[in-house]
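Student: 3D, please:
(2 chains)
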Amino acid sequence: MQGFSSEFSAALALIFRGDAELWSIVLLSLEVSILAVLISAVIGMPLGAALAVARFPGRRVLIILMNALMGLPPVVVGLLVYLMLSRSGPLGVFELLYTPTAMIIAQVVLVTPIISALTRQVVEILAEEYAEQLRSLGVSRLASVPVLLWDARLALVTALLAGFGRAIAEVGAVIIVGGNINHVTRVMTTTIALETSKGNLALALALGAILIGIAVAVNAMVSTLTLRAEQEGLRHA
Amino acid sequence: MILNLIRANVLLFGLSALSVAAEEPFIVVQSTTSTQNSGLFDHILPGFEAETGIDVRVVAVGTGQAIRNAINGDGDVLLVHSKPAEEQFVSDGWGVERFDVMYNDFVLVGPKSDPAAVKGGDDIVAALTAIAETESTFASRGDDSGTHKAELRLWQPIGIDLTDVSGTWYRETGSGMGATLNVASGMNAYTLTDRATWQTFGNRGNLEVLIEGDPRLFNQYGVILVNPEKHPGVRSAAGQRFIEWLTGPDGQSAIGSYTQDGVQLFFPNAN
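Tutor: Okay, the predicted model is just below:
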C-alpha cells in the first residue's frame, strides 16, 4: 500500500482535469439511471398507491412479495434480462443486448419494487388520514389514487431517491446486459470494476469518490427543491 | 430546474440512442479479460476501425462465458484462448472455422517468500507438486476461463483431487484474472496467470514471477466467426472482414507492435 495516497491524489487530479472520456462515462451513468428511475416511477407509483388503497384477497401476500423484491440481487436481474434479450431469447430479434436500453431495462426491474413498496407505505398512511373526506365526497378507493399520489408527492421524492441510489450504484446487472463496452455501455460502476481487476486500485477508488460525489449532488439538489416546495406549500396553506 | 435536467437528459439520451442507430456498422466480439485488461484492443482496434469504418464492440469475459454467449448468438466473433473448447465450438456447428491469431504464455506467480521453494525452475508440474505437498495457498480462477482450463490440465498429471482440497490451501476465486491476482496478492498465494494480464497488473504487492518458460505454459489465442446458419442475426460480412484483418499482415503487425514497459505481450502467429 506504499505510495497509495499519492497514487490516489494523482488519480483524482487526472479525473478533475476534465478527461472527456471519463465525463462521457459519468453522463451515460446519469442518463441510464435517471431514465430507469423515471420509468420505474411511472410504473411503481400507481402500482404502490393502488396496492395501498385496494382491498382484495391476497393483498398482504402481494405486499410481502413486493417488499421482498426490494432485495433482488442485481446479478440475478442481469441474468434474467440477459436471457430475455439474448439472440436465443424471446426478445432477441430487437437486438437490445449490449446497449444502454438493456441497462435501463435491468435497472427498471431493480428499482420498480423499491419505488412501489415505498409508495405503498406512504400512501397507505395518507389514505387513512383522508378516509373520511374521500368517503363523504363519494370517491371510490381506486379513483382516489391520483389525489393521494399528488398529496404525497413530497414524501415520494424519497422513494425516487432511494431508487436512484440503487440504480446508480449497481454493477452486477449492467455489466451482464451492457457488456461494459468502451464508449457504448461503460458506466461508472463497470469502470470501477474494470480498473479494480487491472489492479489500478487508486484509480478505482478515485472513480468511486466521483460516484459518491454525484450521489451527494443529486440528493442535495432534490432535497433543496423539496424544501422549497414545502415552504411554498406552507405559504399557500 | 430538475425538469430541465431531466429534459436535457432525455434529449441527450434520445440523441445518443439515435446516433447509435444511425452509426457506422459494428460487430460484437466476445473475448477474454486478458486481451482487454492488457490494453491490446485499445492498441489494435483503431487501425481496423479507421480502415473499414466498422466499430468493434468488445465484451470481455472468461473464455467459458464468452463461448456460452457466442452459442446464444450474442456476438459475431469469438476471440478466446482455449483450443480444445474452441474446436468443440466449431465441431458442434456454432462456429464457422477456427484460426490461430497469436500466442503468449502463462506464468506461475507467487509470494517472494516462496514457501514451496519453486523459484527458478522451469518445470510447472514439479512446481505445482511442491505447492500441493507443502499445502501452500494457491488461488485458482475457478471460473471455467481459458486460464482455468489450462491450470486444470496442468494439475492433471499430479493426480490430486482438487475438489477435495478446495477451500483448504486450494482457493477457487470464481473471478476474472485481475480479481484473482488481487486475491493472490492479498493472501500471498500462488496463482497461474497469462503474462499479458500480469505485465499490466497494478497491484502486485509481494508477488513475483516464479516459473516461466515451460512449453506446457504455451497460451494460444484463436478467432472464430459465429455461425450465421445458427443465428441469422450474426453480422457475418463485417465479422469475416475483422477476422481477415486480424489474421492478415496489418492485424498481425499491430499485435506484434504492442508493448508494455518495453515487453511484447502477444506474438502474432496466424498462418
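Student: pLDDT weak spots in chain B?
Tutor: B:1-23 (pLDDT under 70).
Student: run the last query once more with 80
Tutor: B:1-24 (pLDDT under 80).
Student: Can you show me the strands along it?
Tutor: B:26-32, B:55-61, B:77-80, B:95-111, B:138-140, B:170-172, B:190-194, B:207-211, B:218-226, B:259-260, B:263-264, B:267-268 (DSSP state E).
Student: other SSEs contacting the third one?
Tutor: Spelled out, it's strand B:77-80. strand B:26-32, helix B:63-71, helix B:83-91, strand B:218-226, helix B:236-247 (3 or more CB pairs under 8 Å, 6 or more residues apart in numbering or on different chains; DSSP states H and E). All C-beta atoms are positioned from the backbone trio N, CA, C, and that covers glycine.
Student: Just want the angle from the longest one to strand B:218-226.
Tutor: With axes from the mean of the first three to the mean of the last three CA atoms, to 10 degrees applied, the angle from helix B:236-247 to strand B:218-226 works out at 160 degrees.
Student: So which residues make contact with helix B:236-247?
Tutor: B:25-27, B:29, B:48, B:51-52, B:54, B:56, B:76-77, B:79, B:99-101, B:223, B:225-226, B:228, B:251-252, B:255, B:270-271 (CB atoms under 8 Å, 6 or more residues apart in numbering or on different chains).
Student: Need the winner for burial among the helices and strands packed on strand B:77-80.
Tutor: A comparison of the helices and strands packed on strand B:77-80 by mean neighbour count, using mean count of other CB atoms under 10 Å in any protein chain shown, puts strand B:26-32 on top with a mean of 26.
Student: Neighbouring strands - and their directions - for that one?
Tutor: strand B:55-61 (parallel), strand B:77-80 (parallel) (DSSP bridges).
Student: and among those strands, the most buried is which?
Tutor: strand B:77-80 comes out most buried of these by mean count of other CB under 10 Å, with a mean of 27.
Student: Close to chain B: what parts of chain A are there?
Tutor: Taking CB under 8 Å from any CB of the partner chain as the measure of proximity, chain A contacts chain B at A:27-28, A:30-31, A:34-35, A:38, A:86-89, A:92-93, A:95, A:97-101, A:179-182, A:184, A:194, A:196-201, A:221-222, A:225.
Student: Could you pick out the buried ones from those residues?
Tutor: Among these, those classed as buried by 16 or more other CB atoms under 10 Å in any protein chain shown are A:28, A:30-31, A:34-35, A:38, A:86-87, A:89, A:92, A:97-101, A:179-182, A:184, A:194, A:196-201, A:222.
Student: Now intersect those with the helices, please.
Tutor: The members of these that map onto helices under DSSP state H are A:28, A:30-31, A:34-35, A:38, A:100-101, A:194, A:196-197, A:201, A:222.
Student: nearest to B:Thr193, of the residues you listed?
Tutor: If you rank these by distance to B:Thr193 using CB to CB, A:Ser197 comes first, at 12.1 Å.
Student: In this structure B:Ser38 contacts B:Trp198, no?
Tutor: No. Using CB atoms under 8 Å, B:Ser38 is not in contact with B:Trp198; the gap is 9.1 Å.
Student: What ranges in chain A fall below the confidence cut-off?
Tutor: For chain A, residues meeting the criterion pLDDT under 80 lie at A:1-4, A:6-7, A:10-12, A:14-19, A:233-237.
Student: how about the helices in it?
Tutor: A:4-16, A:20-53, A:59-69, A:74-85, A:100-136, A:145-151, A:153-169, A:172-178, A:188-197, A:201-236.
Student: Among the ones you listed, show me which one is buried the most.
Tutor: helix A:172-178 comes out most buried of these by mean count of other CB under 10 Å, with a mean of 26.
Student: can you give me how far that helix is from the chain middle?
Tutor: Counting by CA atoms, centre = their mean, to the nearest Å, helix A:172-178 is centred 15 Å from the centre of its parent chain.
Student: List of residues touching that helix?
Tutor: Contacts to helix A:172-178, defined as CB under 8 Å, 6+ apart, come from residues A:32, A:73-75, A:77-79, A:81-82, A:85, A:97-100, A:102-103, A:105-107, A:109-110, A:185-187, A:189-190, A:193.
Student: I'd like the strands of chain B as CSV, with distance to A:Ala169 appended.
Tutor: Listed next are the strands of chain B as CSV, based on distance: least, CB to CB, whole Å:
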stretch, distance to A:Ala169
strand B:26-32, 27
strand B:55-61, 22
strand B:77-80, 31
strand B:95-111, 33
strand B:138-140, 28
strand B:170-172, 27
strand B:190-194, 30
strand B:207-211, 31
strand B:218-226, 34
strand B:259-260, 32
strand B:263-264, 37
strand B:267-268, 41
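Student: which residue packs closest to A:Tyr98, ignoring adjacent ones?
Tutor: Leaving aside its chain neighbours, A:Tyr98 sits nearest to A:Gly179 (4.2 Å; criterion: CB to CB, 6 or more residues apart in numbering or on different chains).
Student: wait, isn't B:Gly110 in contact with B:Val118?
Tutor: Yes. Contact status for B:Gly110 versus B:Val118: in contact at 7.1 Å, counting by CB under 8 Å.
Student: of these two, who's got more company?
Tutor: Higher neighbour count among B:Gly110 and B:Val118: B:Gly110, with 28 against 22, using other CB atoms under 10 Å in any protein chain shown.
Student: what comes up buried for stretch B:128-140?
Tutor: B:Leu128, B:Thr129, B:Ala130, B:Ile131, B:Ala132, B:Ser136, B:Thr137, B:Phe138, B:Ala139, B:Ser140.
Student: Closest one to chain A out of these, please.
Tutor: B:Ala139 (14.0 Å; CB to the nearest CB).
Student: Name all residues that make contact with the closest one.
Tutor: B:Arg171, B:Thr173, B:Thr180, B:Val183, B:Ala184, B:Met187, B:Ala189, B:Tyr190, B:Thr191.
Student: between the residues you listed, which is nearest chain A?
Tutor: B:Thr180 (9.0 Å).
Student: how many neighbours does the closest one have?
Tutor: Counted with other CB under 10 Å, B:Thr180 comes out at 28.
Student: That one reaches B:Thr173, doesn't it?
Tutor: Yes. The criterion here is CB under 8 Å, and B:Thr180 meets it with B:Thr173 at 4.6 Å.
Student: Mutual contacts of these two, please.
Tutor: With CB under 8 Å, 6+ apart as the test, B:Thr180 and B:Thr173 both reach B:Ala139, B:Ser140, B:Arg141.
Student: What residues does the residue in the stretch 1-150 of chain B that chain A sits nearest to make contact with?
Tutor: Residue of the stretch 1-150 of chain B nearest chain A, by CB to the nearest CB: B:Gly73 (3.2 Å). By CB under 8 Å, 6+ apart, B:Gly73 lies in contact with A:Ser86, A:Arg87, A:Ser88, A:Gly92, B:Val226, B:Lys230, B:His231, B:Gly233, B:Val234.
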